[in-house]
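> Give me a model of this one.
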Amino acid sequence: MTTYAITAVEIDERSDLVTKVKWGRVDTFNNTWIAEPEEVEVDQVLQAIGGGDDVYAIFAEGQHTVLGPRLDLARDAAGRETIVPAAGQIKPGRAMSDLPRIITH
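Okay, here's the model as predicted:
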C-alpha cells in the first residue's frame with residue numbers, strides 16, 4: 001500500500017467538487033516526500049483510494065506541516081465520484097476547502 005499527501009486543490013466553482021490536486025507519495029516512517037508533489041487530475045486520486053492506497057490532506061501551519069483527514073470516495077447528489085474526509089476524520093479548519101488552491105491560468 002502506498003501513502004499519498006495532498007497539499008493543494010482545484011475546486012470547480014459550479015459543482016464544488018475537487019477537480020485537481022497537488023500530491024506526492026510520502027514515507028510515513030520518516031515523514032518525508034518519496035516523490036515531490038505534482039498536479040494531477042482527481043481521477044488519479046480516486047483510482048489510488050479505490051485501489052487501497054491511503055490519501056491524506058496535509059496543512060501548513062507556520063514552519064510545520066500538520067496531518068489532516070484521511071480521504072475517502074463518495075458520490076455527490078448527481079452521482080459524480082469525488083473525494084471527502086473519511087468518516088470521523090472531519091475537524092474544523094481541515095476541510096478540502098481549507099487547502100491552498102492550485103493556481104491555473
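> Touching stretch 13-26 from outside, list them.
Stretch 13-26 is contacted from outside by 2-12, 32-42, 45, 55, 76, 78, 80, 82-83, 96, 102, 104, using C-beta atoms under 8 Å, 6 or more residues apart in numbering. The way it works is simple: take the backbone N, C-alpha and C, and place the C-beta from them, glycine included.
> just checking, what packs against the strand ranked longest in the chain?
The residue-count maximum for a strand in the chain (DSSP state E) belongs to strand 64-75. Strand 64-75 sits against helix 42-50, strand 54-61, strand 81-85, with contacts defined as 3 or more C-beta pairs under 8 Å, 6 or more residues apart in numbering; DSSP states H and E.
> now that strand against strand 81-85, angle please.
140 degrees (axes from the mean of the first three to the mean of the last three C-alpha atoms, to 10 degrees).
> Convert the C-alpha atoms of strand 64-75 to CSV, please.
Provided in CSV are the C-alpha atoms of strand 64-75 (Å, rounded to 0.1, in the frame of the first residue of the first chain):
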residue,chain,number,x,y,z
HIS,A,64,5.3,22.9,10.3
THR,A,65,3.1,20.5,8.3
VAL,A,66,0.1,19.1,10.1
LEU,A,67,-1.7,15.9,9.1
GLY,A,68,-5.3,16.5,8.0
PRO,A,69,-8.0,13.9,7.4
ARG,A,70,-7.6,10.6,5.6
LEU,A,71,-9.7,10.9,2.4
ASP,A,72,-12.3,8.5,1.1
LEU,A,73,-14.5,8.1,-2.0
ALA,A,74,-18.1,9.5,-2.1
ARG,A,75,-20.7,10.4,-4.6
